[in-house]
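What shape does this take:
(one chain, ligands or ions: 1)
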Amino acid sequence: MRLKPSKIVCVGLNYRDHAREMQLETPAYPVIFLKPPSALIFNNDAIIYPPMTKELHYEAELAIVIKDRIKNIKKEEAVKHILGYTCGNDITARDLQRLDGQWTRAKSFDTFCALGPEIVSGIDPGNLAIKLYLNGALKQSSNTSNLIFDPNYIVSFISQVMTLEPEDIILTGTPAGIGPMKVGDTVEVEIEKIGKLTNKVVKPK
Ligand code: MG
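Got it, this is the predicted structure:
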């Protein structure tokens with residue numbers, strides 16, 4: 001699987017269980033941020049642990065792949081503009097996220113957006129088990145039915161802000177259970193009906 005998105009749009013705080021874990025109110029609208037396309041890696045590629053952080057976190061997420069150029073579409077129209085879904089890992093330097101007060105640096109290092117193993121279309125994204133394993137141990141376990149804002153709503157919402165292009169990626173937010181990774185760890189994101197995304201954390205060359 002290879003993709004060349006013009007942008008990667010991410011939704012912060014979009015699972016009820018994660019909002020409880022963070023002791024945050026359920027948001028009234030999706031809070032969005034961007035990752036650069038230079039952050040992209042795919043199944044079995046390495047996640048590089050940057051020297052600038054001491055707190056590298058995983059975040060298992062359902063990823064939406066956009067099919068067409070779209071702008072200002074209604075929620076009801078969104079489904080026909082979605083190419084498919086894949087597993088995502090929104091890798092985050094948690095210490096830098098706290099330090100900076102906004103998220104660009106913390107979310108944007110090379111290798112900080114893992115996607116794969118393939119794009120699956122024709123599935124209902126509304127009721128899929130989503131799990132994350134670190135070195136084989138289950139760390140996150142939820143279901144996309146716990147999403148505060150569903151994929152069709154998110155696509156419509158983002159399209160009110162910016163033109164979405166073919167192969168653009170939307171990461172829909174992570175459930176409860178976020179936590180740290182270290183060099184040598186293997187991280188796997190598994191979503192029902194999609195498959196398993198595997199990446200290993202390595203030190204920079
Ligand atoms: Mg995230």
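
So which residues make contact with the lowest-mean-pLDDT helix or strand in the chain?
Every helix and strand in the chain was compared by mean pLDDT, DSSP states H and E; the lowest is helix 16-21, with a mean of 84. With Cβ atoms under 8 Å, 6 or more residues apart in numbering as the test, helix 16-21 has contacts from 13, 25-27, 142, 146, 148, 173-178. Backbone N, C-alpha and C define where each C-beta goes, glycine included.

Please point out which parts of that helix sit buried.
16-19 (16 or more other Cβ atoms under 10 Å).

same check, this time on stretch 95-106
96-97, 103, 106.

which residues touch that stretch?
12, 33-34, 52-55, 92-94, 107.

closest to residue 126 among the residues you listed?
residue 12 (20.5 Å; Cβ to Cβ).

Run through the residues that contact the residue nearest to the closest one when sequence neighbours are not counted.
In this structure, residue 12 finds its nearest non-sequential neighbour in residue 31, 4.5 Å apart by Cβ to Cβ, 6 or more residues apart in numbering. Shown in contact with residue 31 (Cβ under 8 Å, 6+ apart): 11-13.

of those, closest to the ion?
The shortest gap between the ion and any of the contacts of residue 31 belongs to residue 12, at 6.2 Å (Cβ to the ion).

The biggest helix by length in the chain and the ion, are they touching?
Longest helix in the chain, counting residues (DSSP state H): helix 151-159. No - Helix 151-159 is not in contact with the ion by Cβ under 5 Å from the ion; minimum separation 12.6 Å.

So which bits of that helix are buried?
Buried, per 16+ other Cβ under 10 Å, within helix 151-159: 151-152, 154-159.

and if you look at stretch 183-192?
Here stretch 183-192 shows 185, 187-191 as buried, counting by 16+ other Cβ under 10 Å.

Quick check: the one residue in the chain that gets nearest to the ion vs residue 57, distance?
The chain approaches the ion most closely through residue 90 (3.5 Å), counting by Cβ to the ion. With distances taken as Cβ to Cβ, to the nearest Å, residue 90 is found 9 Å from residue 57.

between the two, who's got more neighbours?
residue 90 (27 against 19; other Cβ atoms under 10 Å).

In contact with the more buried one, which residues are there?
Here residue 90 is in contact with 10, 35, 59, 61, 107, 112-113, 171, 174 (Cβ under 8 Å, 6+ apart).

what would these look like in CSV with secondary structure?
As requested, these are exported to CSV (DSSP: H, G, I helix; E, B strand; the rest coil):
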residue, secondary structure
10, strand
35, strand
59, coil
61, strand
107, helix
112, coil
113, strand
171, strand
174, coil
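
show me what contacts the residue nearest the centre of the chain?
By Cα atoms, centre = their mean, the chain has its centre lying nearest to residue 171, at 3.6 Å. Residue 171 makes contacts with 8-11, 35, 61-63, 88, 90, 113, as judged by Cβ under 8 Å, 6+ apart.

farthest-separated two in the residues you listed?
Spatially, the most separated pair among the contacts of residue 171 is 35 and 62, at 15.4 Å (Cβ to Cβ).

Run a quick neighbour tally on the residue lying closest to residue 120 once chain neighbours are set aside.
Using Cβ to Cβ, 6+ apart and skipping the chain neighbours, the partner closest in space to residue 120 is residue 194 (4.9 Å). Residue 194 has 23 neighbours, counted by other Cβ under 10 Å.
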